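J.: Provided below are the primary sequence and the corresponding predicted coordinates.
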2 protein chains.
Amino acid sequence: MSTQSKIVVLRWGHRHRDFRVTTHVALAARAFGASGFILADSEDFAIKKSIEKIIESWGGKFDFKIGIPWKTAVEEWKRKGGIVVHLTVYGENIETSDIINRIKSLKKDIMLIVGSKKVPSDFFSEKVSNFSVAIGNQPHSEVAAIAIFLDRIFEGKELAKSFENAKLKILPSKIGKKLLENISKDDENC
Amino acid sequence: MSTQSKIVVLRWGHRHRDFRVTTHVALAARAFGASGFILADSEDFAIKKSIEKIIESWGGKFDFKIGIPWKTAVEEWKRKGGIVVHLTVYGENIETSDIINRIKSLKKDIMLIVGSKKVPSDFFSEKVSNFSVAIGNQPHSEVAAIAIFLDRIFEGKELAKSFENAKLKILPSKIGKKLLENISKDDENC
């Protein structure tokens, strides 16, 4: 994966009752290396607030956009040369096909689109989605789908990356909890 | 991973408001190759019903237990020779440590325990958890954590497996949706 490529996640079909799942989608996007998140066709500012609180404590840059219609977001992305990947149970299987290599070989910025149960039928057409990727062809979760896609595309390296300007940082431990609070520049090398 | 080893997921701390997230946890467990799920210390039968509906349509064996106290489940598991792996942001990083190989080399059955925000402090002690595994040390989602752990331990093979006695089956496609309904034995080789 070129270090120049960036990935943003577009979430479609959010309703307020999906608050926890959409929050998990956004947190997984951030933790697994996406650089931004678009909550399309929704104005649920509680989600934005919840993610901003995480960024403030745990650091890193993560661009959160809200309320943009999905069509506008997709059109703008493509105009700038990016490609669109639809994560759907109906797509090409990430394990049994060569789709991840075909996507990587393009070295383009990627917009990952995920919906809830029903998505606009346009998501399944080539005019919107350059690729349809299935994280296995069994029903499960958009949270799991995003995590696995990003883990495969970044080859696991995203799980080792450090986040700038964090107030909180964990020291991985065999047992117990080790949390550094109000960390300074010096602590960042721990 | 020995084909003899099996993995079950124990979910702790479920409240009814977590309905969607816990459902996603159980679906991810099933889709990514766990053989069962325990909703400990909770009697939310709506979750059980929702997962049983999926199994009926999409096939496979998946043992769903509900209402068992977590201590009882852990003690029974260990008595039968299984090990316990706690998925927690505070644990050893799955990418930067050799923890996944250490777990695999034991070739034991695994109980994966995941909580919500607060879990009993015993989960962090060696008397309960043989291993503490962090899917990166950033906050994200128990759904993502389970998916990545299972994907790493089964080395992706779980995404290619077929589920017995399915009524529904997807034919992976580059575009559109291809769903086989009421499939017969003959269709199963498609």
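T.: Right, received. Where do you want to start?
J.: just checking, what packs against the strand or helix carrying A:Phe19?
T.: Assigned by DSSP states H and E, A:Phe19 belongs to helix A:19-31. Secondary-structure packing of helix A:19-31 (3 or more CB pairs under 8 Å, 6 or more residues apart in numbering or on different chains; DSSP states H and E): strand A:7-11, strand A:36-39, helix A:45-58, helix A:142-153, helix B:19-31, helix B:142-153. Yep, even glycine has a C-beta here, placed from its N, CA and C like the rest.
J.: please redo it, this time with the cut-off set to 6 Å
T.: strand A:7-11, helix A:45-58, helix A:142-153 (3 or more CB pairs under 6 Å, 6 or more residues apart in numbering or on different chains; DSSP states H and E).
J.: I'd like these as a markdown table, with distance to chain B, mean neighbour count and mean pLDDT appended.
T.: Below are those laid out as a markdown table (distance: least, CB to the nearest CB, whole Å; neighbours: other CB atoms under 10 Å in any protein chain shown; pLDDT from 0 to 100):
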| stretch | distance to chain B | mean neighbour count | mean pLDDT |
| --- | --- | --- | --- |
| strand A:7-11 | 12 | 24 | 98 |
| helix A:45-58 | 6 | 16 | 97 |
| helix A:142-153 | 4 | 27 | 98 |
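J.: Switch those over to CSV; also include distance to B:Met111.
T.: Below are these laid out as CSV (distance: least, CB to CB, whole Å):
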stretch, distance to B:Met111
strand A:7-11, 31
helix A:45-58, 29
helix A:142-153, 19
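J.: and chain A, which of its residues are near chain B?
T.: A:20-21, A:24, A:27-28, A:31, A:58, A:90, A:92-93, A:95-96, A:124, A:126, A:134, A:136-138, A:140-141, A:143-144, A:147-148, A:151, A:156, A:159-160, A:170, A:172, A:175-177 (CB under 6 Å from any CB of the partner chain).
J.: quick one, longest strand in chain A?
T.: Longest among the strand segments of chain A by residue count, using DSSP state E, is strand A:83-93.
J.: What sits closest to the spatially most central residue of chain A if chain neighbours are left out?
T.: For chain A, the residue sitting closest to the mean C-alpha position, by CA atoms, centre = their mean, is A:Ala29 at 2.8 Å. Nearest non-adjacent residue to A:Ala29, counting by CB to CB, 6 or more residues apart in numbering or on different chains: A:Val9, 4.1 Å away.
J.: and the one you found, what are its bridge partners?
T.: A:Phe37, A:Leu112 (DSSP bridges).
J.: Run through the residues that contact it.
T.: Contact partners of A:Val9, counting by CB atoms under 6 Å, 6 or more residues apart in numbering or on different chains, are A:Ala29, A:Ala34, A:Phe37, A:Leu112.
J.: Kindly report the same for A:Val133.
T.: A:Val85, A:Leu87, A:Gly91, A:Ile94, A:Ile99.
J.: quick check: mean pLDDT across the longest strand of chain A?
T.: In this model, strand A:83-93 has an average pLDDT of 98.
J.: Could you report the neighbour count for the closest residue to A:Thr22 other than its chain neighbours?
T.: Once flanking residues are discounted, A:Thr22 sits nearest to A:His14: 4.9 Å by CB to CB, 6+ apart. By the other CB atoms under 10 Å in any protein chain shown criterion, the neighbourhood of A:His14 contains 21 residues.
J.: how close does A:His14 get to B:Lys48?
T.: 26 Å (CB to CB, to the nearest Å).
J.: Check A:Asp122 too.
T.: From A:Asp122 to B:Lys48 the distance is 36 Å (CB to CB).
J.: What of A:Ile175?
T.: 33 Å.
J.: what do you get for A:Phe62?
T.: For A:Phe62 relative to B:Lys48 (CB to CB), the value is 36 Å.
J.: just A:Lys174 next, same as before
T.: 34 Å.
J.: just A:Lys107 next, same as before
T.: 46 Å.
J.: for A:Phe32, same thing?
T.: 30 Å.
J.: Show me how far stretch A:161-178 is from its chain's centre.
T.: 21 Å (CA atoms, centre = their mean, to the nearest Å).
J.: Tell me the buried residues in that stretch?
T.: Neighbour-count burial for stretch A:161-178, counted by 16 or more other CB atoms under 10 Å in any protein chain shown, picks out A:Phe163, A:Ala166, A:Leu168, A:Lys169, A:Ile170, A:Pro172, A:Ser173, A:Ile175.
J.: could those residues be laid out in CSV, adding pLDDT and secondary structure?
T.: Below are those laid out as CSV (pLDDT from 0 to 100; DSSP: H, G, I helix; E, B strand; the rest coil):
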residue, pLDDT, secondary structure
A:Phe163, 96, coil
A:Ala166, 97, coil
A:Leu168, 97, strand
A:Lys169, 96, strand
A:Ile170, 97, strand
A:Pro172, 97, coil
A:Ser173, 96, coil
A:Ile175, 91, coil
